[in-house]
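Colleague: sequence? don't have it. structure:
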C-alpha cells in the first residue's frame, strides 16, 4: 500500500479505508455466524474451522491500523476527517475482538458438543442474529456517517440484555433440576455472554459514529446494565 | 483546558496527558480493588459505593479523549508522538472498560451476598491482585516507554488464565455436589471472568506500548488462550 501526498486523493484513501473496515466486519460476522451454526447443527468440523481460520482477520487488522497511521501522519486531517480516522483505529480493535469472541464461542461449542443437548436452542441463535445485525448496522452507520442508524444500534442493546437474562434463568432451572446439565449449561451461558459482548462492540462502534459526526459524546449519558 | 500552539509546549502537554491517564488508571484500579474487597468482607455498603461512583472516571474519559484530539489536530505529531497519542485514545477506552468491569463485579457480588458463602475465597482475590498489578505495570510501561515491562505484562496473562481454570473446576465440584451452591457459584465464575478481562485490557495496553515504541506489531504473534 502506498499513500500519495496529493490532497485530492485523500477522499479516495478514506473510502478505501472504509472499504477495508467493511471487509473486516464481514469476516468477523461470518466467524460469529459459523460458530453459532456449529452449535445449532452440532458440527464439529465447522467448530474446528472457526478455531483455525483467524489469519485473514488478523492480517486485515494490522493493515487497517497501518493505513490509519499513514493517513494521520501524511494527511494531517482535521475535524470530522481526523475523528473518522481515529474512530477507524478504534473500530478496527472492536472488530478484531469480535473475531476473538467467535473463537471463544467455538471453544465453548466444542465443549458443549461433548454432552447430550440440554435443550432446544432458540434464544441463543436469536441473540446471534441481533448481535450480527447490530454490528452490520454500526459499520454501515460509520461508512455513511448516519447518526440515526447509529442511535438505532444503541437502542437494540436492551434486546440482547433481555435475551441473555432469559437464557440464564432457563438454564439455571435446568441446572437445578438435573445436575448432568450443569456443565453444558455453563457453556451455553458463556456463549450467551460472548454474544452480548459482540453487541457491546457494536455499541462502541455506534458511539464512535455519533462522536465522529457530531463531536458529541454520548458514552456516559446512558445507564449501563450488566447483570445476569 | 487550552492547548497552546507553541511547539515547545508539546512535551509538556504530552506529559500532562500521561498524568491524566495514570490518574484514570488509579481510579479504575481502586474500583476493582473495592469491588473485590466488598466480596471478601461481605460488605454491601462498599458494593453500593462501587455501583454509584463512576462519575469521576467517566468525566476523565471524556477529558482525555478531548486532549488527544486537540493534540492531534493542533500539533500534528509524527512517528512515536503520533503513536503515543493514538495509543492514549485506545488506553483511555481500555481503562473506561475496566471501570465498567468493576461495576459488573460489584453487581455479581451483590447477588452473591444474598447466599451463604460457597467457599473460602483465595484464588479470586489473587486474580484481582494480578490483574491490578498488570494494569499498573502496563500504564507505567506506557508512561516510561518501557518495552521490557510491557513484555512482562504480556507474560503474566497465563497466570490469570490458570487461576480462572482452577476457580472454574473447584466451583463446578461444589455445584455438582450441592445444588444450593449453583447460583452463588455462577456469580463467582462470572467474577473470575471479569477479572480475566481486566487482565486482557492490561494486555491490550502493553501491546499498544510495544507498538508505540518500536512500531512493531506483536498482537498476532501469540496464541490466544480463552477456554474455561
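Modeller: Yes, it's here. Quick caveat: nothing in here was measured; it's all calculated off a predicted structure.

Colleague: distance of residue A:127 from residue B:92?
Modeller: With distances taken as Cβ to Cβ, to the nearest Å, residue A:127 is found 29 Å from residue B:92. To be clear about C-beta, it is placed using only N, CA and C from the backbone, and glycine gets the same treatment.

Colleague: who's more crowded, these two?
Modeller: Neighbour comparison, residue A:127 and residue B:92: the larger count goes to residue A:127, with 27 against 24 (by other Cβ atoms under 10 Å in any protein chain shown).

Colleague: ok, and the closest non-adjacent residue to residue A:198?
Modeller: Leaving aside its sequence neighbours, residue A:198 sits nearest to residue A:131 (Cβ to Cβ, 6 or more residues apart in numbering or on different chains; 4.2 Å).

Colleague: okay, now the one you found: neighbour count?
Modeller: For residue A:131, using other Cβ under 10 Å, the count is 30.

Colleague: for it, give me its contacts.
Modeller: Applying Cβ atoms under 8 Å, 6 or more residues apart in numbering or on different chains to residue A:131 gives the contacts A:32, A:160, A:195, A:196, A:198, A:199, A:202.

Colleague: let's see 7 Å
Modeller: By Cβ atoms under 7 Å, 6 or more residues apart in numbering or on different chains, the residues touching residue A:131 are A:32, A:160, A:195, A:198, A:199, A:202.

Colleague: is residue A:112 in contact with residue A:187, as I believe?
Modeller: Yes. The pair residue A:112 / residue A:187 is scored as a contact, 4.3 Å apart, by Cβ atoms under 7 Å.

Colleague: so which residues of chain A form helices?
Modeller: Along chain A, counting by DSSP state H, helices occupy A:10-40, A:44-52, A:55-75, A:79-112, A:123-144, A:147-177, A:182-214.

Colleague: can you pull out the low-pLDDT segments for chain A?
Modeller: Counting by pLDDT under 70, chain A has low-confidence residues at A:1-8, A:216-228.

Colleague: what parts of it come near chain B?
Modeller: Within reach of chain B by Cβ under 7 Å from any Cβ of the partner chain, chain A has these residues: A:58, A:62, A:69, A:72-73, A:76, A:78, A:82-83, A:86, A:89-90, A:93, A:100, A:103-104, A:107, A:172, A:175-176, A:179, A:182-183, A:217, A:220, A:224, A:226-227.

Colleague: of those residues, just the buried ones, PyMOL syntax please.
Modeller: Selection of buried members from those for PyMOL, criterion 16 or more other Cβ atoms under 10 Å in any protein chain shown:
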select buried, chain A and resi 58+69+72+76+82+83+86+89+90+93+100+103+104+107+172+175+176+182+183+220+226
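
Colleague: how close does residue A:16 get to chain B?
Modeller: 19 Å (Cβ to the nearest Cβ, to the nearest Å).

Colleague: for residue A:120, same thing?
Modeller: 22 Å.

Colleague: list phi and psi for that residue.
Modeller: phi -70, psi 140 (degrees, to the nearest 10).

Colleague: what's the neighbour count on residue A:158?
Modeller: The number of residues near residue A:158, taken as other Cβ under 10 Å, comes to 11.

Colleague: again with the one 3 residues further on
Modeller: Residue crowding around residue A:161 was assessed by other Cβ under 10 Å; the count is 17.

Colleague: do residue A:80 as well
Modeller: 14.

Colleague: now it. Nearest residue, chain neighbours left out?
Modeller: Nearest non-adjacent residue to residue A:80, counting by Cβ to Cβ, 6+ apart: residue A:212, 6.5 Å away.

Colleague: then residue A:182?
Modeller: Nearest non-adjacent residue to residue A:182, counting by Cβ to Cβ, 6+ apart: residue A:175, 4.9 Å away.

Colleague: check contacts around the closest residue to residue A:46 other than its chain neighbours.
Modeller: The spatial neighbour of residue A:46 that comes closest, neighbours along the chain excluded (Cβ to Cβ, 6+ apart), is residue A:38 at 3.9 Å. Residues near residue A:38 by Cβ under 7 Å, 6+ apart: A:46, A:47, A:50, A:106, A:109.

Colleague: what about residue A:38, distance to residue B:115?
Modeller: Relative to residue B:115, residue A:38 is positioned 35 Å away (Cβ to Cβ).

Colleague: could I get the contacts of residue A:38 as JSON lines with distance to residue A:149?
Modeller: Below are those laid out as JSON lines (distance: Cβ to Cβ, whole Å):
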{"residue": "A:46", "distance to residue A:149": "31"}
{"residue": "A:47", "distance to residue A:149": "33"}
{"residue": "A:50", "distance to residue A:149": "28"}
{"residue": "A:106", "distance to residue A:149": "30"}
{"residue": "A:109", "distance to residue A:149": "31"}
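
Colleague: what's the closest of these to residue A:136?
Modeller: residue A:50 (18.8 Å; Cβ to Cβ).

Colleague: OK, contacts around the closest one?
Modeller: Residue A:50 neighbours (Cβ under 7 Å, 6+ apart): A:31, A:34, A:35, A:38, A:102, A:103, A:106.

Colleague: in contact with the residue nearest to residue A:80, which residues are there?
Modeller: Residues in contact with residue A:212 (Cβ under 7 Å, 6+ apart) are A:80, A:83, A:84, A:87.

Colleague: ok, so of these, who is nearest residue A:18?
Modeller: Nearest to residue A:18 among the contacts of residue A:212, counting by Cβ to Cβ, is residue A:84 at 8.3 Å.

Colleague: how about the nearest residue to the closest one, chain neighbours excluded?
Modeller: Counting by Cβ to Cβ, 6+ apart, residue A:84 lies nearest to residue A:212, which is 5.5 Å off, once chain neighbours are set aside.
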